[in-house]
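Trainee: predicted model, plus sequence, below.
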Amino acid sequence: MPSRLETARLTLRPWSDSDAEGHSALFAERGEGPLPVERSREIIAAQLAVAASTGIALLPVDRRDTGAFIGYCGLLVGRASLDEPEIAYELFRSTHGHGYATEAASAVLAAASTTGRGRFWATVRTWNAPSFRVLEKLGFERDDVSADDRGELVRLTRALPRARQSA
């Protein structure tokens, strides 16, 4: 999968050390307390290592018009597998409601479908109605519900047509 994607309004690209402050601020919006910038740097380094070893990654999302970091979107093994990865996205609350998550996730799925993968997963907490709307727009369907130490978790799937192999 390409490490850089562009849409009409967004650029998805590899992480850089300069993303640490934005990553830390995004994490703080979760309400789980502040994340030290040094810890964000460690997470970014781990993301880059995972991308190098698996070929899939969570990518920072920037607005093309301003260059501002607004979150991330991409694929990860997560609760799925490398053959059927999980899509994930998280954007600053101030950017919600503008279609950025749908736009970024559409680009990721389009690029991933060229890798021969046929199915993708998503996991969403039951309270996260905006993420359900994004995933429904992208053609994901509910698969099952489970629970962990943080509550109920809905798993959704989406099958993609396999890319044609050139002869």
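Mentor: Received, thanks.
Trainee: and the next element down the chain from the lengthiest helix in the chain?
Mentor: Ranked by number of residues, the top helix in the chain under DSSP state H is helix 37-54. Per DSSP states H and E, helix 37-54 leads on to strand 58-63 as the next helix or strand towards the C-terminus.
Trainee: and that following strand with helix 37-54, angle?
Mentor: Counting by axes from the mean of the first three to the mean of the last three Cα atoms, to 10 degrees, strand 58-63 lies at 110 degrees to helix 37-54.
Trainee: so in that sheet, which strands flank strand 58-63, and in what orientation?
Mentor: Strand 58-63 sits in its sheet next to strand 10-12 (antiparallel), strand 69-76 (antiparallel), going by DSSP bridges.
Trainee: show the average pLDDT along it.
Mentor: Per-residue pLDDT values over strand 58-63 give a mean of 97.
Trainee: can you dump the C-alpha atoms of it in PDB for me?
Mentor: This file holds the C-alpha atoms of strand 58-63, laid out as PDB (Å, rounded to 0.1, in the frame of the first residue of the first chain):
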ATOM      1  CA  LEU A  58      -1.800   4.500  10.300                       C
ATOM      2  CA  LEU A  59      -1.000   7.700   8.400                       C
ATOM      3  CA  PRO A  60      -1.100  11.300   9.600                       C
ATOM      4  CA  VAL A  61      -3.900  13.300   7.800                       C
ATOM      5  CA  ASP A  62      -3.200  16.900   6.800                       C
ATOM      6  CA  ARG A  63      -5.500  19.400   5.200                       C
END
